[in-house]
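Colleague: structure for the following, please:
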Amino acid sequence: MQKIRKSIQEVDIIFILKSIHNDKFLKSRFVFAMLLIFMFVFTHTGIYAVASDDAVTILDGDEEITVYTDELLVSDIISQSNIEISDSDVVYPAINSQIDGDQSIIITRLKKLDVTFEGKTVSYWTDAETYGEFVEKNVIGSDADDIYDVDLSASLKPYGNEMNITKMTYIQEYTYEAIPYTSSTVYDNTVPYGERVVTTAGQNGAKTLAYDVVYRDGVEVSRTFVSETINSEPVNEVITEGIQAINVNGQMVPYKEMITCSATAYDLSFESCGKNPGDPGYGLTASGTYAKLGTVAVDPRVIPLGTKMYIVSTDGRYVYGYCTAEDTGGAIKGNKVDLFYNTRNECLQFGRRNVNVYIL
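Modeller: Okay, here's the model as predicted:
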């Protein structure tokens, strides 16, 4: 049945074409109709084609490209535009996404920069055009005091960029130190002899020292003292020591030891020293000093030369006073002392007495 219908349709078309061919009027009308149909189809097809190609702007760094495409995927549009991209390039929208409306494609060409900073080398991918622009982004935390081994105005290449940064740090540091206290001893005859009592406890003070310090890559290269601030003064220790003391004109004079001796007197006469004025060593003591009032001859085995003393008779009636062991004598042995006087008459008046020798 379908074959019969198809045959009838073919016969009808052939009949119509023959009729048009034999009739000039129909032939001209047919040509005109066909022309109208062709123009309609061409016009509508052209409009559809133009409408289907979208204008897409590609921003590749500083270059701007406009392409007309019916592609939707970003990767296809870039490929159609003969633009090459690498794994280090950043594409927005994502390379596997579709364009939405009048959206543009932005390609950012990143450059590799190897930065050695604070002892470590790290590779960065950056869109900066110069070393200085990379530094300004403050990705690595450097500052104006740091030292760079490149010209910051130099342009970055796609690869092979290197920069060494010496980290310079300038800070003020503070140290805290103790101020040691000192210790002093006072003597008191009301305290048992030989006993030492801390009457004022010592306490260290404290001070703050300020320094300007420079570090290069974390290593200190200089330290300059700036100032010192006393935070607290030290409290000095006071020790009271019990002593033996004698009353000298109302003043208590401490002494270490008291020795009772037999005392005589001498002067510079020949009878006392066996020398006359002008003789070698006349007037000189065993210590090399000149004999004078207050010079005492002693037995160095009992009282060492240079010892300071205070001498008074055992009955308290005769006071020789403050003196120094400076001389020796052939007859001065053991607990014996020989007191110097300026005149022979004073020596005779003194004679021989028992005295208390206070070792100061």
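Colleague: contacting residues around stretch 235-248?
Modeller: Residues lying outside stretch 235-248 but in contact with it, judged by Cβ atoms under 8 Å, 6 or more residues apart in numbering, are 181-203, 205, 252-256, 258, 310, 312, 358. Every residue, glycine included, has its C-beta placed from N, CA and C.
Colleague: please check those residues and keep the buried ones.
Modeller: The neighbour-count criterion (16 or more other Cβ atoms under 10 Å) marks Y181, D188, V191, G202, G205, V253, P254, Y255, Y310, V312, Y358 among those as buried.
Colleague: for this structure, which strand is longest?
Modeller: Identified as the longest strand of the chain according to DSSP state E is strand 219-232.
Colleague: now for that one, which elements pack on it?
Modeller: strand 168-179, strand 205-216 (3 or more Cβ pairs under 8 Å, 6 or more residues apart in numbering; DSSP states H and E).
Colleague: and the ones you listed: which comes nearest I332?
Modeller: Closest approach to I332 among the helices and strands packed on strand 219-232 is made by strand 168-179 (51.3 Å; Cβ to Cβ).
Colleague: give me the contact list for that closest one.
Modeller: With Cβ under 8 Å, 6+ apart as the test, strand 168-179 has contacts from 145-147, 204-216, 218, 223, 226, 230-234.
Colleague: what sits closest to Y310 if chain neighbours are left out?
Modeller: Y358 (4.3 Å; Cβ to Cβ, 6 or more residues apart in numbering).
Colleague: so which strand or helix has that neighbour?
Modeller: Per DSSP states H and E, Y358 falls inside strand 353-359.
Colleague: for the one helix or strand I65 maps to, give the mean pLDDT please.
Modeller: Counting by DSSP H and E, the element that carries I65 is strand 63-69. Averaging pLDDT along strand 63-69 yields 88.
Colleague: pull it out as CSV, backbone CA atoms only.
Modeller: Only the C-alpha atoms of strand 63-69 are listed here, as CSV (Å, rounded to 0.1, in the frame of the first residue of the first chain):
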residue,chain,number,x,y,z
GLU,A,63,47.0,41.3,25.5
GLU,A,64,43.2,41.4,24.8
ILE,A,65,41.7,39.1,22.1
THR,A,66,38.1,38.8,21.0
VAL,A,67,36.9,35.6,19.4
TYR,A,68,33.6,34.5,17.9
THR,A,69,32.8,31.0,18.7
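Colleague: show me the buried ones among the contacts of stretch 235-248 that map onto strands.
Modeller: When these are checked against strands (DSSP E), the matches are D188, G205, V253, P254, Y255, Y310, V312, Y358.
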